[in-house]
Structure formats: C-alpha cells, structure tokens
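1. would you be able to build a 3D model of this:
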Amino acid sequence: MVIRQKLSVSDFEAFLKLPENADKRFELHDGVICEMAPSSALATVIAMRLAVLIGNYVYAAQRGVLTGADGGFQLTANDVLAPDVAFIRAERLTAIQRRGFFQIAPDLAIEVVSPSDSIPAVQRKAARYLTLGVREVWIIYPDEQTADIYRLTEAPNRLEVRQIPADGALESDLLPEFRLPLQQLFALGTPILDDDQTAERPTG
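-> Below is the predicted model:
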C-alpha cells in the first residue's frame, strides 16, 4: 500500500514559484494540488460583473473588501482555495498582508460555473467551503441564469441550499440592504451565443 503525504501550504507555495507554473492557476485541496482551468468567456464576464455590482455596494458603505479568482485563502494547513469572488467583512479584517494568502476564511465565497466545470464537484466545493469556516457560498449557473445559496444550519453539519430562480434575486444577511435580481446580473447588453454559433466580425 502506498501512503501519499499531504502537501502543506509551504510545499504549495514552493510549487507555485516554479517557472513552468507562472501563468497557471492552482488550488490546494486537502493536501492535493489541483490545476484550475480558465473560465469560459461568459463565466468570467459574469464573475467580474458580480464583483463590480457587489463592490459598488461594499466600498461605498465601507463594509469590507472583495477578492477575485486569483485571491488565495489558506483555510487549513493543507487547503488553499480561491473563489471566483469573495467578500470579507471590515470588522474581521485587521490588516492585509503584502505577501502570502489570506489567513482567514472569507465570509462569502462565490463560484461561477463554466462549461468545463463538473457541477457536482462545484457543489461539493461549496459544502467544503462551509466546513472550513466560510459563512455563505453562492453558486452561479450562467447557462440556466439561476443560482444556489449554501449555508450551514444550526444543526451540526447540516447544509441549507436555497435555489434562486431566474426571476429571483441574490440577497444575504452578510450584505444588508443589498439586493441583486438575477435578471440584472445577466443583462449583459450583448447576445450570448450557443456553442454552435459564431459571432460575426465587423469588416472594414
């Protein structure tokens, strides 16, 4: 029997410094390094739009900070995860380090599903976020234009999953008075093409 030792965060940091990994994205899941595929065009546009819309609220009210897909959170000695968007409340943030990962779990972690993602894997990741200290997780489904909100209930290790339909809105106790209708989130002002369609390039 072969027993593989879990990699530590310091092992992970050394791995990230290798020249061949300079332009790649990785996470550390329970001591195992996982390479993250680039997001699809639609998923990354939605993630950025979501960050801007939440950011306008968060920074205007000085409620905390947001991070993007390259922001790493060291959640255990063997876990470093990087949500597509994350929010940390101001009262929990005493300082921001110049180097290294955040040493606290974000209050809110958001994952935007790409076509290359396994939806069950993203849902398992949402559950893992919660067990590692994240208070709430949003999963955004661009194809269906819906969302799920994951929270832990008062019962030990019991998940609550609230499904937000296409005509619903994203709301959270973590973001008082913030309300984002999904129809507004997905109102991109440009057509969304299926896989078998190609955008025409302007000539001249």
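
2. how close does Asp117 get to Leu53?
-> According to CB to CB, to the nearest Å, Asp117 stands 22 Å off from Leu53. Every C-beta, even on glycine, is put in place using the N, C-alpha and C of the backbone.

3. Pro106 is in what secondary structure piece?
-> Using DSSP states H and E, Pro106 maps to neither a helix nor a strand.

4. that one contacts Pro83, correct?
-> Yes: here Pro106 reaches Pro83: they are 6.7 Å apart, a contact under CB atoms under 8 Å.

5. name the residues contacting each of the two.
-> Overlap of the contact sets of Pro106 and Pro83 (by CB atoms under 8 Å, 6 or more residues apart in numbering) consists of 67, 73.

6. quick one: which of those two has more around it?
-> More crowded of Pro106 and Pro83, by other CB atoms under 10 Å: Pro106, with 29 against 26.

7. excluding its backbone neighbours, what's nearest that one?
-> Closest residue to Pro106 apart from its sequence neighbours, by CB to CB, 6 or more residues apart in numbering: Ala86 at 3.8 Å.

8. for Leu66, same thing?
-> Leaving out its chain neighbours, the residue that sits closest to Leu66 by CB to CB, 6+ apart is Gly55, at 5.2 Å.

9. what of Arg135?
-> Sequence neighbours aside, Asp107 is the residue nearest to Arg135 in space, at 5.0 Å (criterion: CB to CB, 6+ apart).
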